[in-house]
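S.K.: Predicted coordinates and the sequence they were generated for:
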Amino acid sequence: MRERLRAFFSEPIRVGALILGVVAIVALAMALARTGNEPGVGVSGVELKLRSLLDRFLPIRPRTKEFLVGHPAMFIALALAFMGRRKWAAPLLVVGAIGQVSLLNTFCHIHTPIRLSIIRAVCGLVIGAAIGAAALLAGRRWIERGDGGQGISAAHE
């Protein structure tokens, strides 16, 4: 065990992996800081404007983390897995779980009528799927070129 730890800690660190790790930790910290009824981090001005816009055009505003992060990630992950591009599907499914947990939380608010929760969920799913589809189309060149997220499935073909 000691040898394995020594070998692990003597591995060089790649700058890209380091930056990605720091970004992931900061994103996780922000997500945790913004949970609950009284979050430690306030809502940005841009998000307040987006919320106002959604309130104006939708029957019920979906949760931001659902339609901007969770549902698009889930949509992209499922599409990549369906296309046989599994390298990025698993991490995106983990990010997509944010949307699923948020959906569950939506239905846990006993003071909110179930009809409103269903409308909120549908609005979030539709907008999130549209954002995910747009991101998938925007990244189509990257997916079709080279490895493009094939990972393990590329070795079996």
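M.R.: Received, thanks. Numbers count the residues shown, from 1 in each chain.
S.K.: And the strands in this structure, which stretches?
M.R.: With strands called from DSSP state E, the chain shows none.
S.K.: who's in contact with A90?
M.R.: By Cβ atoms under 8 Å, 6 or more residues apart in numbering, the residues touching A90 are A77. All C-beta spots, glycine's among them, are computed from the backbone N, C-alpha and C.
S.K.: Okay, now the unreliable bits of this structure?
M.R.: Along the chain, the model assigns pLDDT under 70 to residues 33-43, 144-157.
S.K.: ok, now with 90
M.R.: Low-confidence segments of the chain, defined by pLDDT under 90, are located at 7-69, 79-113, 117, 136-157.
S.K.: Could you chop it up by domain?
M.R.: As recorded under automatic domain parsing, the domains making up the chain are 1-42, 44-156.
S.K.: chain center to the longest one, what's the gap?
M.R.: Here the centre of domain 44-156 is set off from its chain's centre by 6 Å, with Cα atoms, centre = their mean, to the nearest Å.
S.K.: Likewise for the first one?
M.R.: How far domain 1-42 lies from its chain's middle: 16 Å, per Cα atoms, centre = their mean.
S.K.: biggest helix in this protein, by residue count?
M.R.: helix 114-138 (DSSP state H).
S.K.: Touching that helix from outside, list them.
M.R.: With Cβ under 8 Å, 6+ apart as the criterion, helix 114-138 contacts 58-63, 66-68, 70-76, 79, 99, 102-103, 106-107, 109, 143.
S.K.: In this structure, what residue spans correspond to helices?
M.R.: Under DSSP H, the chain gives helices at 2-9, 15-33, 45-57, 64-65, 71-82, 89-108, 114-138, 140-144, 152-156.
S.K.: Please work out which of the ones you listed is packed deepest.
M.R.: Highest mean neighbour count of the helices of the chain: helix 71-82, a mean of 21 (counted as mean count of other Cβ atoms under 10 Å).
S.K.: quick one, it and helix 89-108 angle?
M.R.: Angle of helix 71-82 versus helix 89-108, following axes from the mean of the first three to the mean of the last three Cα atoms, to 10 degrees, is 140 degrees.
S.K.: just checking, what packs against helix 71-82?
M.R.: Packing partners of helix 71-82 (3 or more Cβ pairs under 8 Å, 6 or more residues apart in numbering; DSSP states H and E): helix 89-108, helix 114-138.
S.K.: That concludes my questions; thank you for your assistance.
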